[in-house]
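Enquirer: Sequence first, then the predicted structure, then my questions.
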Amino acid sequence: MASPSEEEPSQTPPRKLSCSTCFDAVWFCYSPVHQMQQYYRLGTLDNCADKWSALYDCLRLKTKRSSEVQEILEEREKAKPHIWTFRTPEEASAHWNRLFGHLEKKE
């Protein structure tokens, strides 16, 4: 029998799905602080639909088997776009000059 340390180390431990963060987000969305921030920034109150959608989605995932949940969460993680834009040095230089090149010009 293999010891736990000899088992496949490449498998990631299953993620625990907790809906409490989604519930907290819905709760905070209806707070006066959040609503006033939204009104100040956008001129409208937040209807909190995206928070309700995330909570509903989380609760729906709770009804599935853990193997299905892991597959769905991994799929979503892979589908997320990367936050950084990678550029070659030439592209970076051109982008920098386009944004800030006017600051280097002497009068």
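Expert: Great, that's in hand. Residues are numbered from 1 along each chain as shown.
Enquirer: quick one, phi psi at the residue nearest in space to the middle of the chain?
Expert: A centroid search over the chain (CA atoms, centre = their mean) returns Lys80, at 7.9 Å, as the residue closest to the centre. With angles defined as degrees, to the nearest 10, Lys80 sits at phi -70, psi 140.
Enquirer: how close does it get to Arg65?
Expert: For Lys80, the distance to Arg65 equals 23 Å [CB to CB, to the nearest Å]. Where C-beta positions appear, they are placed from N, C-alpha and C, glycine not excepted.
Enquirer: In this protein, where is pLDDT below threshold?
Expert: In the predicted model of the chain, residues 1-15, 106-107 satisfy pLDDT under 70.
Enquirer: longest helix in it, by residue count?
Expert: With DSSP state H setting the assignment, residue counts place helix 89-104 as the longest helix in the chain.
Enquirer: Output that helix as CSV, nothing but the C-alphas.
Expert: Output of helix 89-104 as CSV, limited to C-alpha atoms (Å, rounded to 0.1, in the frame of the first residue of the first chain):
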residue,chain,number,x,y,z
PRO,A,89,9.9,45.5,-26.3
GLU,A,90,9.1,47.3,-29.6
GLU,A,91,5.3,47.1,-29.0
ALA,A,92,5.9,48.4,-25.4
SER,A,93,8.0,51.3,-26.7
ALA,A,94,5.5,52.3,-29.3
HIS,A,95,2.6,52.1,-26.7
TRP,A,96,4.6,54.2,-24.2
ASN,A,97,5.4,56.8,-26.9
ARG,A,98,1.8,56.9,-28.0
LEU,A,99,0.6,57.5,-24.4
PHE,A,100,3.5,59.6,-22.9
GLY,A,101,5.6,60.7,-25.8
HIS,A,102,4.2,64.3,-25.7
LEU,A,103,5.7,64.7,-22.3
GLU,A,104,9.2,64.3,-23.5
